[in-house]
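# I'll drop the sequence and a predicted model, then ask my questions.
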Amino acid sequence: MKAIDNILTRNSPIKLIKPFPDQKQMEIIYKAAFRAPDHAWLRPSRFIQISGDGINKLSEIFYSYCKNNIKNISEEKLKKYKNAPFRAPMIIVLISNITEHPSVPEHEQMFSTAAAAQNILLALHALNFGGIWRTGIFAMNPDIERALGLNKNQKILGYLYVGTPTGKIKKIPSVEIKKFVTKLD
Ligand SMILES: Cc1cc2nc3c(=O)[nH]c(=O)nc-3n(C[C@H](O)[C@H](O)[C@H](O)COP(=O)(O)O)c2cc1C
């Protein structure tokens, strides 16, 4: 597929199943991630790749966070959060490792990881896989970060749910570009 068509046809699939990318494909996907713009080449992005029993472990982390931190949570909600990681066979946790730098503020380092996330989504699509970026209460959450063994300067920007798209394919909405672009000629 032409690069531009890959960009124009990427979407977030409704359902993701096995197979997920093998390690050789993941190498390519991470290389794509590290082609994101990166001020001063600080390399702020980190990833935790979760599959197999790791999905159970993440589910346990989500469950105990909710049980211990959300007052009066209903059993139904608790079950929903516990089951969340099972919505894809692989999850990539998006992390920004923030370092002090005289000209690269924290937000720029997070922007770089966000750009890396989009490169991952595009690489997945190019390799006939799919990904969905999800955040919710488990992103930018110091308790979850600690439970995943991260340091205080490492922030979770979200979770990329990864797998093979199945079922109904979402129609890509058309966008009236002129509504969003002004010109200064
Ligand atoms: C930073 C960020 C966080 C998101 N968090 C969620 C989320 O928690 N749950 C969700 O269903 N979609 C979330 N989305 C949106 C989906 O990833 C997706 O972009 C959206 O469903 C639109 O589909 P499309 O990518 O096919 O246009 C998030 C997107 C971004 C950029």
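Everything's here; your move.
# Only C-alpha atoms from now on, for both contacts and neighbour counts.
Fine.
# which SS class is Gln109?
Here Gln109 is recorded as helix under DSSP: H, G, I helix; E, B strand; the rest coil.
# Then the one 4 residues further on?
Using three-state DSSP, the secondary structure recorded for Thr113 is helix.
# That one reaches Pro44, doesn't it?
Yes. Counting by CA atoms under 8 Å, Thr113 touches Pro44, with 6.8 Å between them.
# So for these two, which residue has more residues nearby?
More crowded of Thr113 and Pro44, by other CA atoms under 10 Å: Thr113, with 28 against 22.
# quick one: contacts for the more buried one?
The contact partners of Thr113, taken as CA atoms under 8 Å, 6 or more residues apart in numbering, are Ala36, Pro44, Ser45, Leu94, Ile95, Ser96, Leu157.
# how many neighbours does Phe111 have?
For Phe111, the tally of surrounding residues (other CA under 10 Å) stands at 19.
# Relative to Leu121, how far out is it?
Applying CA to CA, to the nearest Å, the value for Phe111 to Leu121 is 15 Å.
# ok, now Leu184?
32 Å.
# just Leu16 next, same as before
Distance, Leu16 to Leu121, by CA to CA: 13 Å.
# what residues do these two have in common as contacts?
With CA under 8 Å, 6+ apart, Leu16 and Leu121 have common neighbours Gly130, Gly131.
# pLDDT of stretch 30-38, averaged?
In this model, stretch 30-38 carries a mean pLDDT of 98.
# What residues of it count as buried?
For stretch 30-38, a neighbour-count test (16 or more other CA atoms under 10 Å) marks Tyr30, Ala32, Ala33, Phe34, Ala36, Pro37, Asp38 as buried.
# now the end-to-end length of that stretch.
Taking CA to CA as the criterion, the two ends of stretch 30-38 lie 14 Å apart.
# Compare neighbour counts for Leu184 and Leu121 and give me the winner.
Counted by other CA under 10 Å, Leu184 and Leu121 do not tie: Leu121 has more neighbours, with 26 against 4.
# wait, isn't the more buried one in contact with Gly131?
Yes. Assessed by CA under 8 Å, Leu121 is found in contact with Gly131 at 5.7 Å.
# can you pull the contacts of Val104?
Contacts for Val104 (CA under 8 Å, 6+ apart) come out as His39, Ala40.
# nope, Met110 is what I meant
Residues in contact with Met110 (CA under 8 Å, 6+ apart) are Pro44, Ser96, Ile98, Leu157.
# Cool, thanks, signing off.
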